[in-house]
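[1] Show me the folded form of this:
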Amino acid sequence: MVQSREQGETRLETQITYTKGRTARARLRGTSLVMTIPRHWPRSEQEAAIAKFQRWGQRQKAVLAAVPALPPSPPLSLEALTALVERVNRETVQVRYAGVRIGRARYTRLAQVNLNTRILTFSRYAVDGMPERALRYLILHELAHLVVPDHSRAFWAVVSRHMPDYREQRRVAQHHFQLAGHAEPTSPPPAAPSRPAEPAPVPSRSTEGQQLRLF
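    Here you go, the predicted structure:
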């Protein structure tokens, strides 16, 4: 299902998919607001979630439109990223990991770690041009998942122990990823293998996902 919404001069195309899931989610994907709505919800709750996501999408589009485009930056090499991961790990959690990859996720995840293979994958759109401290936070976040796999208090305690201003750096990292993902790339990013994982299920009838579910 595809809808569109006008607000001033801002046009936001809306794509809605009704699923068997328990959670309503939304994300910006290029010029579209993509929603997933549980089909078993009452019609009134579906419409309320859609309206809430549309308002959020319009605000996000306005924010992105008002921010200057990111300056061009040379791609971060896999060798440089691998060296930075090694340094951050040595200075912080000191866990065992199996490798580092660069993937091409443009709208969904800045980074992820496979707990079985212990391989860290970072989006090309996240790492290129990201401020160094925010990039260090992103690396620390994934390494910390090898200590605590979920986003419990114990996990955030590990992160904050090594980076007390992690909340600010998380905001910077997410904002950078939003801008980079919505910009037109000057050339296609190089391909690299990655293993995207689905987010864990959350309680029913929630409208989680208004802020990009990147971590």
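
[2] residue ranges for the strands of this structure, please.
    For the chain, the strands defined by DSSP state E cover 2-7, 10-19, 25-29, 32-38, 99-103, 111-114, 119-123.

[3] Go through the third one and flag the buried ones.
    Right, strand 25-29. Of the residues in strand 25-29, 25-28 count as buried by neighbour count, 16 or more other C-beta atoms under 10 Å. Every C-beta, even on glycine, is put in place using the N, C-alpha and C of the backbone.

[4] now it and strand 32-38, what's the angle there?
    160 degrees (axes from the mean of the first three to the mean of the last three C-alpha atoms, to 10 degrees).

[5] List the strands paired with strand 25-29, with their directions.
    Using DSSP bridges, strand 25-29 pairs in its sheet with strand 32-38 (antiparallel).

[6] what pLDDT, on average, does the partner strand get?
    Averaged across strand 32-38, the pLDDT comes to 87.

[7] could we number from 33 for the rest of this?
    Got it, the first residue is 33 from now on, which makes the last one we talked about strand 64-70.

[8] Now do the domain split for this protein, please.
    34-98, 110-214 (automatic domain parsing).

[9] Tell me which of these sits most buried.
    The highest mean neighbour count among the domains of the chain, using mean count of other C-beta atoms under 10 Å, belongs to domain 110-214: a mean of 18.

[10] pLDDT of it, averaged?
    Computed over domain 110-214, the average pLDDT equals 92.
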